[in-house]
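Asker: Sequence first, predicted coordinates after that:
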Amino acid sequence: PGLIERFHEERRLLARLDHPAIARLYQVGSTDEGRPYLVMEYVEGTAITEHAVAVGLDATARIRLFQKVCRAVQHAHHRLVVHRDLKPGNVLVTPEGEPKLLDFGIAGALEGETQGGAATPAYAAPEQLRGEATGILGDIYSLGVLLYELLTDQRPWPGDRANDAPAPVAPSHLVPGLPVDVDAIVRKAMDPDPDARYWTASLLSDDLDRALDGLTVRAREPTTGYVVSRFVARNRMAVSAAALVVVLVAGFTTITAVQSNRIKAEAARVTRERDEALAVRTFLLEAFGTTGPDVASDLVTSRELLDGRASRLDEEYGDDPALLAEMSGVLAEAYERLGLYADAEPLARRAVTLRTEAEGDPELPNALTTLGWIVHQAGRLDEAGALLNEAVATARRTFRDDHAATARALNDLGVNLEARGDYQAAEANYLESLAMRRRLAGDDAAVVGTTASNLSVVRYRLGDLDGAVEMAREAHETFVRTLGPDHQRAMIVENNLAAMQAAAGDRESARRTYRGILERRRRLLGDRHPNTAASMTALAILLPRGAGDAEAEALLREAVDIQVADLGPDHPEVALTRRHLAMVLQRKGRSTEAAELFEEALRIQRSIVGPDHPAVGETYALMGSSMASAGDLDEALDAYVEAVRIQKSALGGGHVVTSRTEVATAAVLIDLGRPVEARRHLVSGWVALSEQHDPAHLHVQEARIEFVRLHLLEGGVARADSVLGEVERFLTDDQRADRVGRMAIELREGLSDGR
């Protein structure tokens, strides 16, 4: 009787439906023996997941196919029918590629109570498994599971039920090139809370359209950073990116209190047109902030606003050179904040020309700094350096005493000098700018935090780890007080501190910090923002080798995809991320892929900063480390030798970075059985490391370990035993559980056994 009742219910429900993607009901009848039957459309096809694999559909094609299923489900829901057993086997795809939804055997009518049970557990909503009443939202859940499996070729969970199971792996981590917004869409559809899911299948399908088109999706909170990132991605324009492990807080142009007062005073004196222009300035600079327009909407209108104002500059302000210069500079800064450097540069140049012609214009230093910064952001470092030097000189002539314009020019010139590898000169500029900004604005000012952060980074590069940490902490505390802990600049400095924790050997603390930053950036900026990509890379670098390689590879591939899309294929950040992906692939035995990525990273870096820049040396050092781990000792030695050559030239032989590379070179030479060359490199590295670090520092301990190995290679067992005792004496708890501790144990066992 139960089956007969279900049969009649399916017949009744199917009679309501008339959709090309739903198997049609043609006839209803009974046999002579009284057994009821249905005559339905015959569907020649395969399950939707099998079809996608068989014909090799890419992710976009699979989403488009799924959207046809959504339309069929929406048709049923409009006619008050819920399916209640949506799964691949109930969605067949014909040879023509059209889906057909079938088997409404346990379907229910929305006007009556539809209880749970009977559904396939792997695809049923939690409330359905509990036997509770279910409706449209239950079908939405099943659609989410179906979408996950269709995209990834696997179910979200290994078993039938999701109860107490961890969150499934994000689809974009399993499917290269899949828009990461699809992750949020799948999560929303599969939310355990029915009220948090999409209300209709149409909304689910529409969000997929928006994800494929690069628009904001309903599944994500419309934060400013997220909305801006979608706008930038659609327009394929470069945006400012955080540095990789240690990043600069960019020398953002800001309106200081002094400038604001000047603007207000000027506004009181000028005509109605000038009042309007200054109102536009206030709107642009407040709305566009430091990362783009601060509006939670489709930001095409923001670009249109800028383009519209720029196209009318001559018409509206051509008879007033001072106002024309003002508005040109305003628009240049607004374009720069969106990362639209090609649009910003001609406006900034015009502002400089007009202010130069106006002899004695007090705004000329700021105009020069703006232009220099835009050129710097565009990657033309030498040209930018000349402009920023001119800005500093002009500011000093214009303002005899401390002035915000002078401090800003000094800061931005420091950023440029650091990018060009002149760390000593960069530090001097930062120190002068920081002192001036403190005198002008006090300690609790965002501009003070900006320069303090920049100073911390350059000190790190100079090998002054303690000084770097001190300034980074000061910068972070300043930003937290003035901007809040979730502000982009506060997170950049927090990122710096994590890098310094790692440099000091506390990798576990650094990993925790990076995970927290990545989670917040995903939430605040969106999954596709360049700063989010930078956090992905930073975390991937610190994941434990071997056990963390799969996660590291997924994070790095996602980061490269974001950076190439937003910054272009030849951006320095792309080079940095590719070389770290190469290291992971090398560890996984994919040497050919790794070599190609290393060479591509070197090509990009050489083209931007030249062949002897410290960044190029760092890439060679990473190549050496990667190849040594894979057992390719001759290739590793070649890479290390080139790294040492570059680092000695750019940083000096006594630099910590150079010294660590020399120790690594010695390790490879020991493995190759070449003690004379190994000793030369090891002694050279040891001198600097032992002078600049405490005896228990990780880098010092690593050098001691290599001395033990060298003495053993030379037959000096007593000397090896003595140095190993020093290693054991200074071992920290963290080191005991890490590589140094493991090597110390292995070497001690070898000495005890007479090996």
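Answerer: Perfect, I can see it now.
Asker: From here on, just use CA atoms for contacts and neighbour counts.
Answerer: Noted.
Asker: Does Ile208 touch Val182 like I think?
Answerer: In this structure residue 208 is Leu, not Ile. Yes. Using C-alpha atoms under 8 Å, Leu208 is in contact with Val182, at 6.9 Å.
Asker: count of residues packed around Ala650?
Answerer: Neighbouring residues of Ala650 were enumerated by other C-alpha atoms under 10 Å; the total is 19.
Asker: how far away is the residue lying closest to it once chain neighbours are set aside from Thr537?
Answerer: Distances taken as C-alpha to C-alpha, 6 or more residues apart in numbering put Pro614 closest to Ala650, at 6.0 Å, once the chain neighbours are dropped. Separation of Pro614 from Thr537 (C-alpha to C-alpha, to the nearest Å) stands at 20 Å.
Asker: which one of those two has more residues nearby?
Answerer: Taking neighbours as other C-alpha under 10 Å, Pro614 and Thr537 compare with Thr537 leading, 29 against 24.
Asker: What helices and strands are in contact with the strand or helix carrying Gly467?
Answerer: Per DSSP states H and E: Gly467 is located in helix 465-482. Judged by 3 or more C-alpha pairs under 8 Å, 6 or more residues apart in numbering; DSSP states H and E, helix 465-482 is in contact with helix 446-461, helix 488-503.
Asker: which one of these has the most crowded surroundings?
Answerer: Greatest average neighbour count among the helices and strands packed on helix 465-482 goes to helix 446-461 (a mean of 28), per mean count of other C-alpha atoms under 10 Å.
Asker: Neighbours of Val676, how many?
Answerer: 13.
Asker: which residues touch the residue positioned nearest the centre of the chain?
Answerer: In the chain, the C-alpha nearest the mean C-alpha coordinate belongs to Ala533, at 1.1 Å (C-alpha atoms, centre = their mean). By C-alpha atoms under 8 Å, 6 or more residues apart in numbering, the contact set of Ala533 is Asp527, Glu558, Ala559, Val560, Ile562, Gln563.
Asker: per-residue pLDDT, the first one?
Answerer: The per-residue pLDDT reported for Asp527 equals 80.
Asker: Kindly report the same for the fifth one.
Answerer: We have a pLDDT of 88 for Ile562.
Asker: Quick check, it in contact with His529.
Answerer: Yes. Between Ile562 and His529 there is a contact under C-alpha under 8 Å: 7.1 Å.
Asker: Skip the chain neighbours and tell me the closest residue to Leu731.
Answerer: For Leu731, ignoring the flanking residues on the chain, the nearest one in space by C-alpha to C-alpha, 6+ apart is Ala696 at 6.6 Å.
Asker: Surely the one you found touches Asp733?
Answerer: No. In this structure, Ala696 is not within contact of Asp733 by C-alpha under 8 Å, at 11.0 Å.
Asker: Make sure Leu440 is indeed in a helix.
Answerer: Yes. Membership of Leu440 in a helix is supported by DSSP: H, G, I helix; E, B strand; the rest coil.
Asker: Just confirm it contacts Ala405, I think it does.
Answerer: No. Counting by C-alpha under 8 Å, Leu440 does not reach Ala405; the two are 11.1 Å apart.
Asker: that older thread, now do the helix holding Gly467 and helix 446-461, the angle between them.
Answerer: Counting by axes from the mean of the first three to the mean of the last three C-alpha atoms, to 10 degrees, helix 465-482 points 160 degrees away from the direction of helix 446-461.
Asker: buried set for helix 465-482?
Answerer: Neighbour counts over helix 465-482 (16 or more other C-alpha atoms under 10 Å) mark 465, 467-469, 471-480 as buried.
Asker: distance between that helix and the chain's centre?
Answerer: Its chain's C-alpha centre and that of helix 465-482 lie 23 Å apart, by C-alpha atoms, centre = their mean, to the nearest Å.
Asker: do the same with stretch 671-688
Answerer: The answer for stretch 671-688 is 38 Å, by C-alpha atoms, centre = their mean.
Asker: Then stretch 319-330?
Answerer: So, by C-alpha atoms, centre = their mean, the centroid of stretch 319-330 is 37 Å from its chain's centroid.
Asker: How about stretch 315-330?
Answerer: 38 Å.
Asker: Now it: buried residues?
Answerer: Neighbour-count burial for stretch 315-330, counted by 16+ other C-alpha under 10 Å, picks out Tyr317, Pro321, Ala322, Leu323, Leu324, Ala325, Glu326, Met327, Ser328, Gly329, Val330.
Asker: which SS class is Asp570?
Answerer: coil.
Asker: Do I have it right that it meets Ile604?
Answerer: Yes. With contact defined as C-alpha under 8 Å, Asp570 reaches Ile604; the gap is 5.7 Å.
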